[in-house]
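Chemist: Return atomic coordinates for the entry below.
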Amino acid sequence: MSDSAVAQVLSDQVLSNRLLLPAKMTPTTLSGSRVKLVPLDVARDSQALFSVSNGSSLDLPGTKVSDYDSDALIWRFMGAGPFANINAFEMYLEALVSNANGLAMCVYDIGSGRPVGVATFMNNFPEHLKVELGNIWYSPVVQGKGANLEATYLMLEHAFSLGYRRVEWKCDASNERSRRAALRMGFRFEGVQEFHFIVKERNRDTAWFRMLDHEWHSQKGILESIIY
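Modeler: Next up, the predicted model:
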């Protein structure tokens, strides 16, 4: 990056966005053709989400999944889970909802009308106009079927339309599936932060990805051509 870029003075419009955006993003609904994202409501969503993420067989219109290893397919690289019972799962969801600078979204499959995953706006810093997409997981019933792609598109579109300059994606450096997804959606790899966390009594190195507002203008069209 050039010295002129580092020293760039931002416009009054960009700087004023810092005062308009709350630390906890305003609840909203984001709708696409495959999925709809609504603010997570533990009382409404917990039982349905638990049933599609606990390893039990699944049956949605057009898709059936036999009993599966929920740790391998969902929770291995997450900060929590798998969960032994609904009470432990609800405590996990409550923590997501109550996060002071996060907005947890329940992802609904439009075809069936059922909750199939969670995606979160987190580590929101309006003063720097940056936010992270994280705590993302999906039931095997929709994995590989475009749900994550469209949900991420909707979240990126929302964040950049609000005036954010930077959207981040971080994952365990060993999580090859998440890393491939980030690159496919147009995030740029920035490097690995070693010994970043201790998660589930194991070391976690974290791979960092990001997308910037000026990159979104071209990437938006690319994603739309893939999704729609």
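Chemist: Tell me, how many residues neighbour Tyr153?
Modeler: Residues contacting Tyr153 under the criterion other CB atoms under 10 Å number 23. (C-beta placed from N, C-alpha, C; glycine too.)
Chemist: what helix or strand is it on?
Modeler: In this assignment (DSSP states H and E), Tyr153 forms part of helix 147-162.
Chemist: what ranges do the helices span in this protein?
Modeler: Taking DSSP state H, the helices of the chain run over residues 3-6, 12-20, 42-51, 70, 86-98, 147-162, 176-184, 213-227.
Chemist: and the residue nearest to Ala147 when sequence neighbours are not counted, how far is that from Leu96?
Modeler: Spatial nearest neighbour of Ala147, excluding adjacent residues (CB to CB, 6 or more residues apart in numbering): Val35 at 5.2 Å. Val35 is 18 Å from Leu96, where distance means CB to CB, to the nearest Å.
Chemist: and for stretch 58-73, what are the contacting residues?
Modeler: 52-57, 81-82, 109, 111-112, 114, 116, 139-143, 145 (CB atoms under 8 Å, 6 or more residues apart in numbering).
Chemist: So among the residues you listed, which ones count as buried?
Modeler: Applying 16 or more other CB atoms under 10 Å to the contacts of stretch 58-73, the neighbour count classes 52-55, 81-82, 109, 111, 114, 116, 139-143, 145 as buried.
Chemist: Could you tell me which of those residues belong to strands?
Modeler: The strands, defined by DSSP state E, take in 109, 114, 116 from the buried ones among the contacts of stretch 58-73.
Chemist: Out of the residues you listed, which comes closest to Asn203?
Modeler: Closest to Asn203 out of those is Val116 (30.9 Å), distances taken as CB to CB.
Chemist: so who does the closest one touch?
Modeler: Counting by CB under 8 Å, 6+ apart, Val116 has contacts 35, 52, 60, 107-109, 138-139, 141-142, 147.
Chemist: Distance to Arg204 and pLDDT added to the residues you listed, as TSV?
Modeler: Formatted as TSV, the contacts of Val116 follow (distance: CB to CB, whole Å; pLDDT from 0 to 100):
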residue	distance to Arg204	pLDDT
Val35	28	98
Val52	26	97
Leu60	32	85
Val107	24	98
Tyr108	30	98
Asp109	30	97
Tyr138	21	98
Ser139	24	98
Val141	27	96
Val142	26	96
Ala147	25	97
